[in-house]
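Student: 3D model of this:
(one chain, ligands or ions: 1)
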Amino acid sequence: MGSYVDEIMELVQRRSPGEPEFHQAVQEVVESLELVLERHPEYRKAKIVERMVEPERVVMFRVPWIDDQGEIQVNRGFRIEMNSAIGPYKGGLRFHPSVYLGILKFLAFEQVFKNSLTTLPMGGGKGGSDFDPKGKSDMEVMRFCQSFMTELFRHIGPNTDVPAGDIGVGGREIGYLFGQYKRLANEFTGVLTGKGLGWGGSLIRPEATGYGSVYFAAEMLATRGETFEGKTCLVSGSGNVAQYTTEKLLQLGAKVVTLSDSSGYIYDEEGIDREKLDFVMELKNVRRGRIREYAEKYPHAIYTPADPTLDHNPLWNHTADAAFPSATQNEINGKDARHLLDNGVYLVCEGANMPTTPEGVELFIDKGILYAPGKAANAGGVAVSGLEMAQNSMRFNWTRDEVDKRLHTIMKTIHAECVDAASRYGTPGNYVNGANIAGFLKVANAMMDQGVV
Ligand code: NDP
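Tutor: This next block holds a predicted model:
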């Protein structure tokens, strides 16, 4: 079977050269599927994996816009429609200078399995642009979003493809994108999720990824009869996922001691309490400032600027019980993983997508710590996006409590699915295998039913 994994990897590397993140994501999944494919030769015969690694459709387009100085700027826009076997394409848009085809293909591929795990009928997709919203005025962001949607609108729709936010795409960007879609399509429809509450958004959507990640982590702790009360946690990032991860951890009695952005990180030994978190939310969501300002406001906290010459991230080198990487891909390498283990961390829950390198993942699995891969742990965001779609279709809104309960139930179900699939396929306690296998089976069976498409 090893040779089948090699065959798939050879195919992917030959067909998609220069896309290391995509190769990494595929490799992790196909390695998990060895036993499944051995027990089910029908999937191999139907070339299910070969079809899954090939996007159903890739759209790439020019996004010209005019900056505040009157200069013409040109960015590149993308939408990867990866797999629609179990529902319309669904997945976020990322605006970040590092965006290129390979990053979005990795994210779209992960999304297929993640969406399958949520139990909701959603296929997988992802999109975005190399546009950097940082330092741009609101009007520049609006002009960019309008130009981006002017092309994207012809490829999406409430029953076709429903984008949402991701890095660099929050409430402000979704608003501008939705406004332009509505204008072009001449209809008010649930074509995007993460909308404002007054115009079709769902309660709990902003909180969903962070809350969901902590709900999943709490389920993992419960398998050892523990709770978050009194636990010390490291959180990276200071955006949407990091903020609501911190909020839920505080509610459950944990202490969060770190947050970061791409310029550096803060370590607050006393813990980030409610008041300090409110400061971070205002700093990041309204003033759009840097995390460094936290240490200016709370001088007992230590700010460490990011140092690209280091071979590790010092944020992961503090004594703690749990870690919640919630910034970006490959932010925990092998050395960081060793630091975490040496500092007492025995739970790692990925709010971000693929934040741990393969070397780090191997270390966590070898040590038998509670380790949740992003496609399971951060599925709460897209799950509540699915609930937003359901509410839009019904033209009805659930209460905050109702959505939160549904989110909590979904995260518990995903946890149970992972545990069950991992044991059924011979690796009990391995959430990576559990998530990949459970996510794969639903999509693979739908593809088998639908013929060669
Ligand atoms: P935001 O844009 O709100 O925040 C991202 C945070 O990560 C910021 O603090 C940002 O710092 C930091 N960051 C981004 N890129 C880098 C980088 N290359 N190096 C260091 N720090 C970086 O994004 P989200 O919170 O929405 O997303 C965070 C992660 O969670 C991503 O991996 C995303 O794919 C994943 N995710 C998000 C979901 C959602 O619902 N939003 C759902 C599921 C997964 P700076 O401001 O300096 O760039």
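Student: which residues touch the residue nearest to the spatial centre of the chain?
Tutor: Geometric centre of the chain, nearest residue: Asn353, 4.3 Å, by C-alpha atoms, centre = their mean. Neighbouring residues of Asn353 by C-beta atoms under 8 Å, 6 or more residues apart in numbering: 106-107, 110, 329, 374-375, 378. Heads up, the C-betas are built off the backbone N, CA and C, glycines and all.
Student: Filter the residues you listed down to the buried ones.
Tutor: 106-107, 110, 329, 374-375, 378 (16 or more other C-beta atoms under 10 Å).
Student: follow-up on the earlier one: which pLDDT value goes with the residue nearest to the residue nearest to the centre of the chain when sequence neighbours are not counted?
Tutor: Nearest residue to Asn353, sequence neighbours excluded (C-beta to C-beta, 6 or more residues apart in numbering): Gly374, at 4.6 Å. Gly374 carries a pLDDT value of 98.
Student: ok, which of the buried ones among the contacts of Asn353 also contact the ligand?
Tutor: Among the buried ones among the contacts of Asn353, the residues within reach of the ligand (C-beta under 6 Å from any ligand atom) are Asn378.
Student: now the buried ones among the contacts of Asn353 in TSV, with secondary structure?
Tutor: Putting those into TSV (DSSP: H, G, I helix; E, B strand; the rest coil) gives the following:
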residue	secondary structure
Phe106	helix
Leu107	helix
Glu110	helix
Gln329	coil
Gly374	helix
Lys375	helix
Asn378	coil
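Student: Return the member of the buried ones among the contacts of Asn353 nearest to the ligand.
Tutor: Asn378 (3.9 Å; C-beta to the nearest ligand atom).
Student: Next, the contact list for the closest one, please.
Tutor: 114, 209, 212-213, 241, 350-353.
Student: quick revisit: assign a three-state SS to the residue nearest to the centre of the chain, would you?
Tutor: Going by three-state DSSP: Asn353 is coil.
Student: Name the residue of the protein that lies nearest to the ligand.
Tutor: Gly239 (1.8 Å).
Student: Now that residue. Nearest residue, chain neighbours left out?
Tutor: Nearest in space to Gly239, with sequence neighbours left out and distances taken as C-beta to C-beta, 6+ apart, is Lys284 at 6.6 Å.
Student: show me the contacts for that neighbour.
Tutor: Taking C-beta under 8 Å, 6+ apart, one finds 238-239, 243, 261, 291 in contact with Lys284.
Student: rerun at 10 Å
Tutor: By C-beta atoms under 10 Å, 6 or more residues apart in numbering, Lys284 lies in contact with 170, 237-240, 242-243, 259, 261, 290-291, 293-294.
Student: thinking again about what came up before, so who does the residue of the chain closest to the ligand touch?
Tutor: The contact partners of Gly239, by C-beta under 10 Å, 6+ apart, come to 165-168, 170, 209-210, 259-261, 284-285, 326-328, 351-352.
Student: Name the spans of the chain whose pLDDT lies under the cut-off.
Tutor: When residues are selected by pLDDT under 70, those of the chain lie in 1-2.
Student: The ligand contacts on the stretch 101-250 of the chain?
Tutor: Counting by C-beta under 6 Å from any ligand atom, the stretch 101-250 of the chain comes close to the ligand at 165-168, 170, 209, 237-242.
Student: Give the helix, strand or coil label for Arg62.
Tutor: strand.
Student: quick one on the thing from earlier: quick one: which of the buried ones among the contacts of Asn353 is nearest to Tyr298?
Tutor: Closest approach between the buried ones among the contacts of Asn353 and Tyr298, by C-beta to C-beta: Asn378, at 28.1 Å.
Student: how much space between that closest one and Ala85?
Tutor: 21 Å (C-beta to C-beta, to the nearest Å).
Student: cool, and Val382?
Tutor: Shown here: Val382 relative to Ala85, a distance of 16 Å by C-beta to C-beta.
Student: out of the two, which sits in the busier spot?
Tutor: Neighbour totals were compared for Val382 and Ala85, and Val382 leads with 26 against 22 (other C-beta atoms under 10 Å).
Student: Need the three-state assignment for the spatially closest residue to the more buried one that is not a sequence neighbour.
Tutor: If the residues on either side of it in the chain are set aside, Val382 comes closest to Asn115, at 5.7 Å by C-beta to C-beta, 6+ apart. Taken by three-state DSSP, the conformation at Asn115 corresponds to helix.
Student: Test my guess that Asn115 contacts Met389.
Tutor: No: using C-beta atoms under 10 Å as the test, Asn115 is too far from Met389 to be in contact (11.6 Å).
Student: What residue spans form the domains of the protein?
Tutor: For the chain, automatic domain parsing gives the domain ranges 55-187, 208-377.
Student: Could you provide these in a markdown table, with additional columns for distance to Gly198?
Tutor: A markdown table is the format used below for those (distance: least, C-beta to C-beta, whole Å):
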| stretch | distance to Gly198 |
| --- | --- |
| domain 55-187 | 10 |
| domain 208-377 | 17 |
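Student: does the longest strand along the chain come close to the ligand?
Tutor: The longest strand of the chain (DSSP state E) is strand 72-83. No: judged by C-beta under 6 Å from any ligand atom, strand 72-83 stays clear of the ligand, getting no closer than 13.7 Å.
Student: Please identify the buried residues of stretch 80-99?
Tutor: In stretch 80-99, counting by 16+ other C-beta under 10 Å, buried: 80-96, 99.
Student: Which ones among the residues you listed map onto strands?
Tutor: 80-83, 89-95.
Student: in the stretch 1-150 of the chain, which spans are strands?
Tutor: 57-66, 72-83, 89-95, 124-129 (DSSP state E, counting those that start in this stretch).
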